[in-house]
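Chemist: what's the 3D shape of this:
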Amino acid sequence: MPEDVRARFAPVAYAPPVEPVDARYPLALTTGRLRDQWHGMSRTGTVGRLGGHAAGPCVQLHPGELQRRALGEGDLVRVRSRRGTLVLPAQASEEVRAGQAFIAMHWGEEVLGGADERGRRFGVNHLTLDAVDEVSGQPELKHTAVAVEPARLDWHYCVFGRVGAARWLALQRSLRQHFAAFGYCACVPLWSGHDDDGALLLRAAAATPPDPARLEAIEAEFGLAEADTLRYDDRQRFARRRIRTRGTVLMAAALGGEAAALAAEPWLRELFVSGLPAGVAPIQLMSSTRPAAAARARGRVVCSCLDVGEQQIRQLLAGYAGADPVGALGEALKCGTECGSCRPELTRIADEVRSNRREDLRLLSSPLSHAVGEGRG
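Modeler: Numbers count the residues shown, from 1 in each chain. Now for the predicted structure:
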């Protein structure tokens, strides 16, 4: 170390990306850290609460890129580079520029099913190239040329449940043996409302329905082979549903079939966290329609520290007209008052709600609005 301990700056000439985009690979993929996770998730990935903000692997694209490819939110896509292909759900994000794609660096082969041309399993970093900077040694993980196209996997599957804190990590490892049976598969910790539940979520999709025996083996690991499990099977449509409750607690659920068969997953996971409300019988959970007595979903978790959902935040902001919406949220819901990492997102949501309110007022005050209201439109 120099005696004066001053930093030494190295003049470095600009070098373009090693792998530029082209007609075959038109998008620039960048990888990075999720807000509530760290590197390989060896520690943060064991805390189900931290999975509430970003519950599983996905590829984020600008809404315009989804529109150009006739893709919808949550559609499965193939992300293809010169080194292999990953299948992931697509997610629209204004934080990603047109011409770019983003995948979190945490999604390795321990949680995500993927394979190269030789059938070897891999995670997201195998899409990237092994070029490194000559001066720093930093690998070029921030610019990889990729193509994104529809995956066309028509059979979908989801199973989740409380498996116990002492067992979930071993079970996650055991479930990896099934990854290769699906065109897409991901297995991640799930927030259940209690850190000691050790809950897991496995999502999968395939071009054709897999062997029912394999699905039964997976479901048995979640306790869905017990005698008190409610079962439904439509063998002609290859649809299935499994529900197991204990008192007012939803212990585990499995859904399989065409994409529409998984429409119940969001509200089932909401009941998984909050408990079954009064008036909802377990048999009602076998339907794809939310029970009338079930509370409105909290939406995606924004504040992981205090488990506050986006719908709760928007409902409060809808009636707030003050100058400090984030402060008001902190007082009412306590979100943003612990680690503070969610405060930028709280600000973004508040700005969006305020902007929508102004637009509504503008439309209400327009001449056309008055003419319609007076019956002259």
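Chemist: how about the CA coordinates for stretch 186-196, as PDB?
Modeler: This file holds the C-alpha atoms of stretch 186-196, laid out as PDB (Å, rounded to 0.1, in the frame of the first residue of the first chain):
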ATOM      1  CA  ALA A 186     -38.800 -23.000 -10.200                       C
ATOM      2  CA  CYS A 187     -38.800 -23.800  -6.500                       C
ATOM      3  CA  VAL A 188     -38.500 -20.900  -4.000                       C
ATOM      4  CA  PRO A 189     -39.200 -20.100  -0.300                       C
ATOM      5  CA  LEU A 190     -42.700 -18.700   0.300                       C
ATOM      6  CA  TRP A 191     -43.900 -16.200   2.900                       C
ATOM      7  CA  SER A 192     -46.600 -18.000   4.900                       C
ATOM      8  CA  GLY A 193     -47.200 -15.300   7.600                       C
ATOM      9  CA  HIS A 194     -44.900 -17.100  10.000                       C
ATOM     10  CA  ASP A 195     -41.100 -17.400   9.600                       C
ATOM     11  CA  ASP A 196     -41.100 -20.800  11.300                       C
END
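Chemist: Which residues belonging to it are considered buried?
Modeler: By neighbour count, with 16 or more other C-beta atoms under 10 Å as the criterion, the buried positions of stretch 186-196 are 186-192. All C-beta spots, glycine's among them, are computed from the backbone N, C-alpha and C.
Chemist: Low-confidence regions, the stretch 51-200 of the chain specifically.
Modeler: When residues are selected by pLDDT under 70, those of the stretch 51-200 of the chain lie in 51-55, 114-121, 195.
Chemist: which ones are touching the residue nearest to Ile349 when sequence neighbours are not counted?
Modeler: Excluding the flanking residues, the one nearest Ile349 by C-beta to C-beta, 6 or more residues apart in numbering is Ile313, at 5.7 Å. With contacts defined as C-beta atoms under 8 Å, 6 or more residues apart in numbering, the neighbours of Ile313 are 302, 329, 333, 335, 346, 349.
Chemist: how about those, which pair is most distant?
Modeler: Leu333 and Ile349 (12.0 Å; C-beta to C-beta).
Chemist: before we move on, back to that, quick check: the residue nearest to Ile349 vs Gly113, distance?
Modeler: Look at Ile313 and Gly113: by C-beta to C-beta, to the nearest Å, they are 34 Å apart.
Chemist: ok, now Asp228?
Modeler: 31 Å.
Chemist: The two: which is more packed in?
Modeler: For Asp228 against Gly113, the residue with the higher neighbour count under other C-beta atoms under 10 Å is Gly113, and the figures read 23 against 11.
Chemist: isn't that one right next to Ala180, touching?
Modeler: Yes. With contact defined as C-beta atoms under 8 Å, Gly113 reaches Ala180; the gap is 6.9 Å.
Chemist: in the stretch 151-300 of the chain, which spans are helices?
Modeler: Assigned by DSSP state H, counting those that start in this stretch, the stretch 151-300 of the chain shows helices spanning 168-175, 212-221, 265-274.
Chemist: Wait, a strand at the residue nearest to Ile349?
Modeler: No. Ile313 sits outside any strand when classified using DSSP: H, G, I helix; E, B strand; the rest coil, being helix.
Chemist: That one and Arg69: what is the separation?
Modeler: With the distance defined as C-beta to C-beta, Ile313 ends up 31 Å from Arg69.
Chemist: same check, this time on Leu171
Modeler: Here Leu171 is placed at a distance of 36 Å from Arg69 (C-beta to C-beta).
Chemist: before we move on, what about Ala321?
Modeler: Look at Ala321 and Arg69: by C-beta to C-beta, they are 40 Å apart.
Chemist: out of these two, which sits in the busier spot?
Modeler: The residue with the greater number of neighbours, taking Ala321 and Arg69 and applying other C-beta under 10 Å, is Arg69; the counts read 15 against 9.
Chemist: Cross-check the contact I'm expecting between that one and Pro150.
Modeler: Yes. Contact status for Arg69 versus Pro150: in contact at 7.3 Å, counting by C-beta under 8 Å.
Chemist: shared neighbours of the two, which are they?
Modeler: Overlap between the contact sets of Arg69 and Pro150, as judged by C-beta under 8 Å, 6+ apart, is given by Val77.
Chemist: so what's Val353 up against?
Modeler: 314, 317-318, 325.
Chemist: Keep only those of the residues you listed that are in helices.
Modeler: Using DSSP state H, the subset of these located in helices is 314, 317-318, 325.
Chemist: which among these end up buried?
Modeler: Buried members of these, counted by 16+ other C-beta under 10 Å: 314, 317, 325.
Chemist: how near is the second one to Thr347?
Modeler: The reference is to Leu317. The gap separating Leu317 from Thr347 is 11 Å, by C-beta to C-beta.
Chemist: next one: the first one
Modeler: If you measure Arg314 against Thr347 using C-beta to C-beta, the figure is 14 Å.
Chemist: what are the ranges of the strands in this protein?
Modeler: Using DSSP state E, the strands of the chain run over 27-32, 59-61, 76-81, 84-92, 100-104, 144-150, 155-162, 184-189, 199-206, 230-234, 239-246, 249-257, 301-303, 308-309.
Chemist: Got the domain ranges for this structure?
Modeler: Taking automatic domain parsing as the criterion, the chain consists of the domains 27-150, 155-286, 302-364.
Chemist: is it possible to export those domains to a markdown table including distance to Pro16?
Modeler: Compiled in a markdown table, the domains of the chain are given as follows (distance: least, C-beta to C-beta, whole Å):
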| stretch | distance to Pro16 |
| --- | --- |
| domain 27-150 | 9 |
| domain 155-286 | 33 |
| domain 302-364 | 31 |
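Chemist: And those domains: which comes nearest Arg6?
Modeler: Distance to Arg6, taken as C-beta to C-beta, is lowest for domain 27-150 among the domains of the chain, at 18.6 Å.
Chemist: how deep is the residue nearest to Val87 when sequence neighbours are not counted tucked in, by neighbour count?
Modeler: Taking C-beta to C-beta, 6+ apart as the measure, Val87 lies nearest to Tyr184, with 4.0 Å between them; neighbours along the chain are not counted. Counted by other C-beta under 10 Å, the residues lying close to Tyr184 total 24.
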